[in-house]
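A.B. asks: My questions concern the predicted model and sequence given below.
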There are 2 protein chains.
Amino acid sequence: MKNCIVAQSGGPTSVINASVIGVFEENLKQNLYENVYCGLNGIEGILDNSIINLSEMSNEEIKNFKYTPSSGLGSCRYKLESFNDCRKDYLKLFEIFSKLDIDTFFYIGGNDSMDTVNMLSKYARKINSKIKFIGIPKTIDNDLCMTDHTPGFGSAAKLIATTVLETYLDSSVYLNNGIFILETMGRNAGWLTAAAALARNEYNDAPDLIYLPEVVFDKERFLRDIHEVFERKNCVVIAVSEGIKDANGNFLDDNSKYAKKDAFGHVLHSGTGKMLESLVFKEFQCKVRSIELNVLQRCAMHIASKTDLDESFVIGQKAIDTALANKSGHVMGFKRISNNPYQVDYISSDVRKIANLEQKIPTEWINKDGNNITQELYDYLFPLIQGEVNVNYQNGIPAYYSCNHLNK
Amino acid sequence: MKNCIVAQSGGPTSVINASVIGVFEENLKQNLYENVYCGLNGIEGILDNSIINLSEMSNEEIKNFKYTPSSGLGSCRYKLESFNDCRKDYLKLFEIFSKLDIDTFFYIGGNDSMDTVNMLSKYARKINSKIKFIGIPKTIDNDLCMTDHTPGFGSAAKLIATTVLETYLDSSVYLNNGIFILETMGRNAGWLTAAAALARNEYNDAPDLIYLPEVVFDKERFLRDIHEVFERKNCVVIAVSEGIKDANGNFLDDNSKYAKKDAFGHVLHSGTGKMLESLVFKEFQCKVRSIELNVLQRCAMHIASKTDLDESFVIGQKAIDTALANKSGHVMGFKRISNNPYQVDYISSDVRKIANLEQKIPTEWINKDGNNITQELYDYLFPLIQGEVNVNYQNGIPAYYSCNHLNK
């Protein structure tokens, strides 16, 4: 009987480890592989022979691992070049796979990682290797194609919605209230920012304004919008994406001294909220606050969505079926059957249809004024944050599993 | 039978409403007052006759109100001048109290609000009024004198500790990790920053470095500290107070364009973490991130400390006993009996010993290098974050009580 190997890549999410455990537990049922190996720190670690055997973990460890946020197997942002540019990576990887008698490689990641799945499966075909490469999606950004949504997004969305409700309660206590700006992640796609709308309920209509990267940011229009709400409500709550751009396509924080790039050349934004805070303060001379939720969005397991955690687990299980169907170069995904009752099918697609591509919010899901979302988008988002996860606590803090000894 | 009035003032906390309900429910038992009135928006609202009768709330509303973060009665930052400077405020307030047949005024607030309690009780003595003025402390800053700690602090501390643990897991996933900076509130006292140490457990020793406002901030020393940890661990987690100052007593963000002042003339800080991020990036040229937890620290009820919530409730109940003992110009507080088992007594003190004063971290609770806390401070903090609150959820977000209709 052959073996499989699982690894994680790219930015973490709160529920990314559930997909690892999904693969592991489904294999216990179906007995497809003798060993479930894990590559530490993605392909970067595998190239360095950092590999463990998940079958050696205790039941207790497996259970706690599922409820632990962030990439427990470690991660990487290693860009696999094409075969012609980096022959030695391919030869080394397949030599390691062969030595471990690997039948399937499950790679949990975003669109950059799916590019790796694509290139490795292409190479396998080229050399007539039988090794299968299957992608399992994860990203809080929800910007992958060929899937209704992505594991990790729902939990980030739940944190954002909860934070908007709590900060609305905080920022509306005075007779003279102010303007509150919440900056979310989401480089080019506004899904996380849109999720702020899930804070609305029978007494709260904050966020009052939502600015998405899909809409050109117009400073004058922005200030007019705030004027209108402030006069009416004496308190304005704004959700804004880190990635909003002006009419020339420039990010608002392009000139920020903090501007940096990641290994894939993507600009790392930081400071859109602070820049808007300064702009708004100059205009209104009233109390203005901004919060940048930053990495909390991808690791706040203590407020994870149960729907998201369960789906992240099941999509790992379903990846076993995809391997069983002998598919390679495929990525798992969700197909939504209905919003209410919420129902999804688990599907797989050719990874070339998703690698390096981004799924943005469709124009028809943004209101005409470009400062809010439509009911249809709200209905799409709503099911993804439902349900709470019972995290265990020890000594007043969550009892997460330590993966440190793995990563040494 | 006479009545009492309760109001809230200053910055909110996650558990401030529990003290209101503590007063209310204890009065149901002891039947001391016929009506429990509430002033909306503190004395600013009372002066405007914005007063409701809590006895008219349903049981369901009372229960939900207790679990709702932020000042449900609204708040104010109204500075009551001395009688000679603002005669009309005093006359108006006492006229309203007299009309409502008020026996006791319970004011829930921080050290600024306790100044109000002090001045009103002094004025009552002067005019031979029998009205009693009793302060109930609240502040996430934990900087009040004459009390072991303050209601609201434990919940903020629990959020901070949980966030440090989760962001440590997030920031340690790569082979080449970076430097992570968490900025907490705490103007001149470092209690909130110190609470980051509660994230430490058997596998995590982050935060690696803690910078408190009680210690002069030395840039060179700071960079050397980071160098040392980075070489050893390849990942540095730093907790820093918004209020750190250099040897000349200047705040790090004094020149920030966001610098603003509140009604009491206190500088509102914003940007210490970002400034350090920039400094560290220049020095190390590696991945650096900073998060400013901002108002989340005072409204994240979804991760509140049960110990804190319970104590905030009981201190409201005990305020009734203080009124029964005919004390005026007193503020409630905790006296710690022991850390383990954790036990406190409820006390009251002359409000003049707390008004406008700040309780900082004692020097002996800070390590010699000025970049960490001692075991004794850890042991002091530990009991305050114990226990979790079962918040109800509806539609995926916490089912907090709407106080909006009250505040109209």
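C.D. replies: Sure thing, it's come through.
A.B. asks: Could you report the separation of residue A:248 from residue A:216?
C.D. replies: Going from residue A:248 to residue A:216 by Cβ to Cβ, to the nearest Å gives 9 Å. Just so you know, the C-beta spots here come from the backbone N, C-alpha and C atoms, and that holds for glycine as well.
A.B. asks: Counting neighbours, go ahead and name the busier of those two.
C.D. replies: A direct count of neighbours by other Cβ atoms under 10 Å in any protein chain shown for residue A:248 and residue A:216 places residue A:216 higher, at 13 against 7.
A.B. asks: Nearest residue to the more buried one in space, ignoring adjacent ones along the chain?
C.D. replies: For residue A:216, ignoring the flanking residues on the chain, the nearest one in space by Cβ to Cβ, 6 or more residues apart in numbering or on different chains is residue A:247 at 5.2 Å.
A.B. asks: Pull up the gap between that neighbour and chain B, please.
C.D. replies: 25 Å (Cβ to the nearest Cβ, to the nearest Å).
A.B. asks: can you check residue A:42 too?
C.D. replies: 9 Å.
A.B. asks: and what of residue A:140?
C.D. replies: Distance, residue A:140 to chain B, by Cβ to the nearest Cβ: 11 Å.
A.B. asks: Sketch out the low-pLDDT regions of the stretch 201-350 of chain A for me.
C.D. replies: Where the stretch 201-350 of chain A drops to pLDDT under 70, the residues are A:253-270.
A.B. asks: what residues does it put near chain B?
C.D. replies: The interface of the stretch 201-350 of chain A toward chain B, taken as Cβ under 8 Å from any Cβ of the partner chain, is made up of A:201-204, A:257-258, A:260, A:270-271, A:274, A:277-278, A:281, A:287, A:289-292, A:294-296, A:298-303, A:305.
A.B. asks: Let's see which of those end up in helices.
C.D. replies: A:274, A:277-278, A:281 (DSSP state H).
A.B. asks: quick revisit: let's see the PyMOL selection covering just the buried ones among the residues of the stretch 201-350 of chain A next to chain B.
C.D. replies: Provided next is the PyMOL selection string for whichever of those are buried by 16 or more other Cβ atoms under 10 Å in any protein chain shown:
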select buried, chain A and resi 201+204+258+260+270+271+274+277+278+281+287+289+290+291+292+294+295+296+298+299+300+301+302+303+305
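A.B. asks: What about residue A:94, how many residues nearby?
C.D. replies: Residue A:94 is flanked by 17 other residues according to other Cβ under 10 Å.
A.B. asks: Which of the helices or strands spans it?
C.D. replies: Using DSSP states H and E, residue A:94 sits within helix A:87-99.
A.B. asks: is chain B contacted by that helix?
C.D. replies: No: Helix A:87-99 lies apart from chain B when judged by Cβ under 8 Å from any Cβ; the minimum separation is 15.3 Å.
A.B. asks: Does the following helix or strand past that helix pack against any helices or strands, and if so which?
C.D. replies: Tracing the chain past helix A:87-99, the next element assigned as helix or strand by DSSP H and E is strand A:102-109. Identification of packing neighbours for strand A:102-109 by 3 or more Cβ pairs under 8 Å, 6 or more residues apart in numbering or on different chains; DSSP states H and E yields strand A:3-8, helix A:16-30, helix A:42-46, helix A:111-126, strand A:132-137, helix A:306-324.
A.B. asks: Tell me which of the ones you listed is the most buried.
C.D. replies: Neighbour counts (mean count of other Cβ atoms under 10 Å in any protein chain shown) averaged over each of the helices and strands packed on strand A:102-109 peak at strand A:132-137, with a mean of 28.
A.B. asks: Let me know the angle separating the helix or strand following that strand from strand A:132-137.
C.D. replies: Using DSSP H and E, the helix or strand that follows strand A:132-137 in sequence is helix A:153-171. Here helix A:153-171 points in a direction 10 degrees away from that of strand A:132-137 (axes from the mean of the first three to the mean of the last three Cα atoms, to 10 degrees).
A.B. asks: ok, the next helix-or-strand element following helix A:153-171: who's next to it in the sheet?
C.D. replies: Sequence-wise, the next helix or strand downstream of helix A:153-171 (DSSP H and E) is strand A:179-184. Using DSSP bridges, strand A:179-184 pairs in its sheet with strand A:236-241 (parallel), strand A:288-292 (parallel).
A.B. asks: a markdown table for these, including distance to residue B:397?
C.D. replies: A markdown table is the format used below for the strands paired with strand A:179-184 (distance: least, Cβ to Cβ, whole Å):
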| stretch | distance to residue B:397 |
| --- | --- |
| strand A:236-241 | 14 |
| strand A:288-292 | 17 |
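A.B. asks: Spell out which residues of the stretch 51-200 of chain A are next to chain B.
C.D. replies: A:68-71, A:74-77, A:158, A:161-163, A:165-167, A:169-175, A:198-199.
A.B. asks: Residue A:71: neighbouring residues, count only.
C.D. replies: 33.
A.B. asks: That one contacts residue A:16, correct?
C.D. replies: Yes: if you go by Cβ atoms under 8 Å, residue A:71 and residue A:16 touch, sitting 5.5 Å apart.
A.B. asks: Quick check: neighbours shared by those two?
C.D. replies: Common contacts of residue A:71 and residue A:16, defined by Cβ atoms under 8 Å, 6 or more residues apart in numbering or on different chains, comprise residue A:8.
A.B. asks: Would you map the helices across the stretch 301-408 of chain A?
C.D. replies: Applying DSSP state H, counting those that start in this stretch to the stretch 301-408 of chain A gives helices spanning A:306-324, A:375-381.
A.B. asks: Please tell me the pLDDT value assigned to residue A:57.
C.D. replies: Per-residue confidence (pLDDT) for residue A:57: 88.
A.B. asks: now the strands for the stretch 201-350 of chain A?
C.D. replies: Along the stretch 201-350 of chain A, the stretches classed as strands by DSSP state E, counting those that start in this stretch are A:209-211, A:236-241, A:260-261, A:267-268, A:288-292, A:330-339, A:342-350.
A.B. asks: of all these, which lies closest to residue A:368?
C.D. replies: Among the strands of the stretch 201-350 of chain A, strand A:209-211 comes nearest to residue A:368, with 13.3 Å by Cβ to Cβ.
A.B. asks: Name the strands paired with the closest one and say parallel or antiparallel.
C.D. replies: Per DSSP bridges, strand A:209-211 is paired in its sheet with strand A:236-241 (parallel).
A.B. asks: Mind listing residues that contact the strand it pairs with?
C.D. replies: Contacts for strand A:236-241 (Cβ under 8 Å, 6+ apart): A:160, A:164, A:167-168, A:171, A:178-186, A:190, A:192-193, A:196-197, A:206-213, A:226, A:229-230, A:272-273, A:276.
A.B. asks: Which among these count as buried?
C.D. replies: With burial judged by 16+ other Cβ under 10 Å, the buried subset of the contacts of strand A:236-241 is A:160, A:164, A:167-168, A:171, A:178-186, A:190, A:192-193, A:196-197, A:206-213, A:226, A:229-230, A:272-273, A:276.
A.B. asks: Which residue, other than its chain neighbours, is closest to whichever residue of the stretch 201-350 of chain A sits closest to chain B?
C.D. replies: Using Cβ to the nearest Cβ, the closest approach of the stretch 201-350 of chain A to chain B is made by residue A:203 at 3.3 Å. Nearest non-adjacent residue to residue A:203, counting by Cβ to Cβ, 6+ apart: residue B:402, 3.3 Å away.
A.B. asks: Sweet, I'm off.
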